[in-house]
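*Asks:* I'll drop the sequence and a predicted model, then ask my questions.
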Amino acid sequence: MKTRIALFALSLIALPLTAAQTASAEPYGAQVARDRAHIVHHRRQIQKDKQEAAYYAGRQAQAARDGNYGAARYFGHKKRQEQAQIHEQRRKLWRDRAELRRDRYWRNHY
């Protein structure tokens, strides 16, 4: 019984030492692949958000034509929210492209 407890305690102590890996432990080829996947994801997200913003812009214009100004304000707000999401995704895309350039450089030079 005491041996089991001692082994369990030793395994708990050794766990953080064996499980902790830094981001640099990942091979550069895997980092490049991950960055490329992030770029594809953010491009698709931007495309989807643009479609939603265009939809809300159309609904806003239709509501304004019909004289429903409350709905026009609502759809204008939704359109601005989508624009904010587009800008956020573009910032993420820019960061991912910078990371990709950096990872490609390190993969090719070291």
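*Replies:* Looks like it came in fine.
*Asks:* Show me what the lengthiest helix in the chain is packed up against.
*Replies:* As assigned by DSSP state H, the longest helix anywhere in the chain is helix 69-109. Packed against helix 69-109 by the contact rule (3 or more CB pairs under 8 Å, 6 or more residues apart in numbering; DSSP states H and E) you find helix 28-66. C-beta coordinates here come from the backbone N, C-alpha and C atoms, glycine included.
*Asks:* Could I get the buried residue list for the helix it packs on?
*Replies:* Of the residues in helix 28-66, 28, 31-32, 35, 38-39, 42, 45-46, 49, 52-53, 56-57, 59-60, 63 count as buried by neighbour count, 16 or more other CB atoms under 10 Å.
*Asks:* ditto for stretch 96-105
*Replies:* If you call a residue buried by 16+ other CB under 10 Å, then stretch 96-105 has these buried ones: Asp96, Glu99, Leu100, Asp103, Arg104.
*Asks:* tell me the contacts of the residue nearest to the fourth one when sequence neighbours are not counted?
*Replies:* When you say that, I think you mean Asp103. Using CB to CB, 6 or more residues apart in numbering and skipping residues adjacent in sequence, the residue nearest Asp103 is Gln31, 4.3 Å away. Gln31 sits next to Glu99, Asp103, Arg107 when contact means CB atoms under 8 Å, 6 or more residues apart in numbering.
*Asks:* Please report the distance of Gln31 from Glu99.
*Replies:* 8 Å (CB to CB, to the nearest Å).
*Asks:* list the contacts for the closest residue to Lys92 other than its chain neighbours?
*Replies:* Leaving out its chain neighbours, the residue that sits closest to Lys92 by CB to CB, 6+ apart is His42, at 5.2 Å. The contact partners of His42, taken as CB under 8 Å, 6+ apart, are Gln89, Arg90, Lys92, Leu93, Asp96.
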